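Undergrad: my questions concern the predicted model and sequence given below.
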Amino acid sequence: MPFLVEALISLLLIAGGVFVFIGSLGMAHLRDFYMRLHGPTKATTLGIGCMLIASMGYFWSVDGKPDIQELLITLFLFITAPVSAHLLAKTGLHMQLKHSQKTQGKPVELRPEEVGEKPVPHPDKGHG
Amino acid sequence: MLSIALYITLALVVMALLMNLYRLTVGPDLPDRVLALDTMYVNSIALIVLLGLWLNSKTYFESALLIAMLGFISTVAVCKYILRGDIIE
């Protein structure tokens, strides 16, 4: 394997590991659920993308022909991560989790005059 | 050089998994635990990819694809259940 290719693959691997680590560190360390949602949904997705690209490069340089499988996993993760993050944020708003003072923005589900005693559906769309 | 990078990345991913486990056990509310499980399956895909690099084999990518699909579907199902009280209406 040429030195440059090996260096590039090593760099991508370590970058992926660092991004995955930062994502989980954010999830373990930040203060409320809405902040914690940021770490795994962005940093971890980028990290796993880096690692899969590194793996694709490695097998490309070993076998001599590219393989689409890793790209497929990367594409699938990049499509599904925002969807699950959106659903998790909706779940947090539905359960009216506590948020710290530094979390900015007041969505309509959290305003007291809108919410009342029980969670009410969004005016246009509902919670589904 | 590649083996050293592999060692470092494995250590980082395992530490990330341990932090996910911490949030899964401590997490004050249900969505925190769902988020921890969601991150855990992504990190386990990373571990499988690193295992494939370690053993120099491409056999394991199908399992990574399966874990990605099942993890996404289970996250969506749990969120839907919390939101609506039912999964398929």
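TA: Alright, I've got the coordinates. Numbers count the residues shown, from 1 in each chain, chains lettered A, B, ... in the order given.
Undergrad: ok, which stretches of the chain are helices?
TA: Answering for chain A, as no chain was given. Ranges of helices in chain A, per DSSP state H, are A:3-29, A:33-36, A:38, A:45-63, A:69-95, A:112-115.
Undergrad: meant chain B, my bad for not saying
TA: B:2-26, B:30-55, B:61-84.
Undergrad: still on that earlier bit, out of the helices of chain A, which is closest to residue B:88?
TA: helix A:69-95 (15.2 Å; Cβ to Cβ). (C-beta placed from N, C-alpha, C; glycine too.)
Undergrad: would you mind measuring from residue A:68 to residue A:92?
TA: For residue A:68, the distance to residue A:92 (Cβ to Cβ, to the nearest Å) stands at 36 Å.
Undergrad: sorry, wrong one. I was asking about residue B:35.
TA: Distance of residue B:35 to residue A:92, given as Cβ to Cβ: 9 Å.
Undergrad: shared neighbours, those two?
TA: Common neighbours of residue B:35 and residue A:92 are listed as A:33, A:37 (criterion: Cβ atoms under 8 Å, 6 or more residues apart in numbering or on different chains).
Undergrad: skip the chain neighbours and tell me the closest residue to the residue most central in space within chain B.
TA: Among the residues of chain B, the one closest to the centroid is residue B:41, at 1.4 Å (Cα atoms, centre = their mean). With sequence-adjacent residues excluded and distances taken as Cβ to Cβ, 6 or more residues apart in numbering or on different chains, residue B:41 is closest to residue B:71, at 3.4 Å.
Undergrad: swap in residue B:16?
TA: Closest residue to residue B:16 in three dimensions, ignoring its sequence neighbours and counting by Cβ to Cβ, 6+ apart: residue A:24, at 3.6 Å.
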